[in-house]
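Peer 1: Here's a sequence, model it:
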Amino acid sequence: MENQQHHMVLLSSPGLGHLIPVIELAKRFVFQHNLKITILALTSTTSHAEKRVLDAAASGGHIDIVEIPTPDISSLIEPDAAVATRLCVMMREGVPGICHALSNMADTATVRPSTLIVDIFGTEALGVAEELKMHKYVFVASHAWFFSLVIHSPTLDKQVEGQYVDQKELLQIPGCTPVRPEDVIDPMLNRNDKQYQEYLAIANGITKGDGVLVNTWECLQQKDLESLRNTNLLGGILNGPVFAVGPIVRESDSKTDQGTEWVTHWLDDQPQESVIYVSFGSGGTMSYEQMTELAWGLELSGQRFIWVLRAPTVDAADAAFFTTGSDGGSKLSKYLPVGFLSRTCNVGVLVSEWAPQIDILRHPSVGGFLSHCGWNSTLESITNGVPMVAWPLYAEQRMNATLLVEELGVAVRPKVLPTKKVVDRYEIASMVREIMVVEEDYCNKEKKKNPIRERVKGIKGSAVEALSKGGSSCTALAQVVARTKE
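Peer 2: Residues are numbered from 1 along each chain as shown. The predicted model follows:
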């Protein structure tokens, strides 16, 4: 590798959903543009998964990892504070540590850092970059429609009276698809909650960057990206250009594998596109009643499955965000219907807590993904050509589900949000079969094409094209690098 002459720093907030895309973006800068990269990471003290991911990133020797001590915020928030509130307060209180780390690099590093890129929870650190005369950018690890809602929220805050969820009309975003009131992101569910004010602060903070990188690509969301770049629509809210640099996804789980190689070995023995993978991410949990219905639904669907199982909870759907969601190692099978394991032993497998998701989704035996619709998981699914059953739980996942089902046509979803009503076994079985089953055309003696599966494979192709040399996302990343070298 040539002598590196340009040093860029990326800042990640706690949570695998934030940390993983930051690391993958860092890899793009290293391997495509030969930059020196340092990642500043505030991590949750309870998350062993975050530690494994950071260790894996550092083990390659190409990226420096600096962990910022997690500040104690227990006296600053209520014990039941929402995840968004906790993240915002944690990142704000972490600014002195971030400042110290950046100043130390400026004084001692062989190559002085010239650029800071923060995720959306780290916008208060942009002021530190300003003081150190660094270029400063914001990385939105989600999609363009979500980003449009975020930056337009201060305007909606002035226009809309009462709670957003009580509105009878769609929430209008200039140039973009309107948002249904029930699909708003979590901080907008209650305008009286502290997380709403923190969210508005994020929206205003993003505008202080020199530009924004979004984890999408031109062909996927052309309309939303065009509206973000239209100064007449936005009224000059943003201070710089919007770069679509996605899809940014992991290449493999091999370095963070936890002895689950047997899962892919099991897949090797299954027919092509015959297995549905079921997982709700690192933070998704569900009630005992819903878990029971899901088990029955999988069994009734008649499809092969891999189910990443986590102990049920009576708390919020994102209760496991800052933890592994572990039940202390007890056997999770006790939460399943009597006889479920014996009846499904030849068609399904259960994995406790964690599975090598990337390796599973890219396996030719996998034909569907029942997912919480976190954007990382969504991109991992569609870039491998795998259709989805959308099961949104929290954060911006309701918007993601709507995008997948209604605009892209690569998923199906329950009639009622899973967070509002238990989805029964028959609806689950029907949804699974809709994306998994390919009907026979007996007249022509051949299988018909599943339209959802065909659409997602087309999108997979557009993602490959965007990331190829000369593709839109490859070009956009090069433009970011060029601007930071000015």
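
Peer 1: Could you list the low-pLDDT ranges of the stretch 151-300 of the chain?
Peer 2: The stretch 151-300 of the chain contains residues with pLDDT under 70 at 235, 253-259.

Peer 1: what about the strands in it?
Peer 2: Listed in chain order, the strands of the stretch 151-300 of the chain (DSSP state E, counting those that start in this stretch) span 212-214, 242-244, 275-279.

Peer 1: domain parsing for this structure?
Peer 2: 7-248+468-484, 259-437 (automatic domain parsing).

Peer 1: how about these, which one is nearest residue 462?
Peer 2: With CB to CB as the criterion, residue 462 lies closest to domain 7-248+468-484 of the domains of the chain, at 4.2 Å. Heads up, the C-betas are built off the backbone N, CA and C, glycines and all.

Peer 1: gap between the closest one and the chain center?
Peer 2: Domain 7-248+468-484 sits 12 Å away from the centroid of its parent chain (CA atoms, centre = their mean, to the nearest Å).

Peer 1: Kindly report the same for stretch 453-468.
Peer 2: 18 Å.

Peer 1: if we can go back for a sec, right, and the domains of the chain - which one's nearest residue 457?
Peer 2: Of these, the one closest to residue 457 (CB to CB) turns out to be domain 259-437, at 4.3 Å.

Peer 1: The closest residue to residue 293 other than its chain neighbours - how many residues pack around it?
Peer 2: In this structure, residue 293 finds its nearest non-sequential neighbour in residue 425, 4.8 Å apart by CB to CB, 6 or more residues apart in numbering. Around residue 425 there are 19 other residues, counting by other CB atoms under 10 Å.

Peer 1: so residue 425 makes contact with residue 300?
Peer 2: Yes. Shown here, residue 425 and residue 300 form a contact pair, counting by CB atoms under 8 Å, at 5.8 Å.

Peer 1: what helix or strand does residue 137 sit in?
Peer 2: strand 135-140 (DSSP states H and E).

Peer 1: Show me what that strand is packed against.
Peer 2: helix 16-33, strand 113-119, helix 126-131, helix 144-159, strand 212-214, helix 472-484 (3 or more CB pairs under 8 Å, 6 or more residues apart in numbering; DSSP states H and E).

Peer 1: mind listing what the shortest one pairs with, with the direction of each?
Peer 2: Sheet neighbours of strand 212-214, with direction, are listed as strand 135-140 (parallel), strand 242-244 (parallel) (DSSP bridges).

Peer 1: what's the closest of those to residue 473?
Peer 2: strand 242-244 (6.1 Å).

Peer 1: In space, what's closest to residue 336 - neighbours in sequence excluded?
Peer 2: residue 295 (5.1 Å).

Peer 1: Kindly report the same for residue 280.
Peer 2: Using CB to CB, 6+ apart and skipping the chain neighbours, the partner closest in space to residue 280 is residue 372 (4.3 Å).

Peer 1: And residue 408, by the same measure?
Peer 2: Per CB to CB, 6+ apart, closest to residue 408 is residue 459, 6.6 Å.

Peer 1: So the one you found sits against residue 220, correct?
Peer 2: Yes. Residue 459 lies in contact with residue 220 (CB under 8 Å); the separation is 6.8 Å.

Peer 1: ok, these two, which is more surrounded?
Peer 2: It is residue 220, of residue 459 and residue 220, that has more neighbours when counted by other CB under 10 Å, with 24 against 19.
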